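1. would you be able to build a 3D model of this:
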Amino acid sequence: MEAWEEAIYDGIQPEMLANAAFFAALSDLVSSYGEDAVAKMTEGLPRRIHNGEFTLNRVTQ
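-> Numbers count the residues shown, from 1 in each chain. Got it, this is the predicted structure:
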């Protein structure tokens, strides 16, 4: 998080930073575990996103 905050402070747009971080993370995982394993791992991402697992400031009523 410190590196993220520093990059934002330096003027890097959050969307660009997130895209680069996501690419780097997936590339590293593919290098370690292979494409099939990473594809299987990420199949559940849409459901998890829709379920709010990555929403930090969720408002519940």
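2. this structure: helices as residue ranges?
-> All helices of the chain, identified by DSSP state H, fall at 2-9, 14-33, 35-42, 45-50.
3. any chance of those helices in a markdown table, with distance to residue 57, mean neighbour count and mean pLDDT too?
-> For glycine as for every other residue, the C-beta is placed from the backbone atoms N, C-alpha and C. Output for the helices of the chain, formatted as a markdown table (distance: least, CB to CB, whole Å; neighbours: other CB atoms under 10 Å; pLDDT from 0 to 100):
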| stretch | distance to residue 57 | mean neighbour count | mean pLDDT |
| --- | --- | --- | --- |
| helix 2-9 | 16 | 10 | 92 |
| helix 14-33 | 14 | 11 | 96 |
| helix 35-42 | 24 | 12 | 97 |
| helix 45-50 | 15 | 10 | 95 |
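4. residues contacting residue 48?
-> For residue 48, the contact set (CB atoms under 8 Å, 6 or more residues apart in numbering) comprises residue 54.
5. centre-most residue in the chain?
-> By CA atoms, centre = their mean, the mean C-alpha position of the chain lies nearest to residue 22, the distance being 4.6 Å.
6. tell me how far it lies from residue 54.
-> 11 Å (CB to CB, to the nearest Å).
7. of all the helices of the chain, which lies closest to residue 59?
-> Nearest of the helices of the chain to residue 59, taken as CB to CB: helix 45-50 at 16.0 Å.
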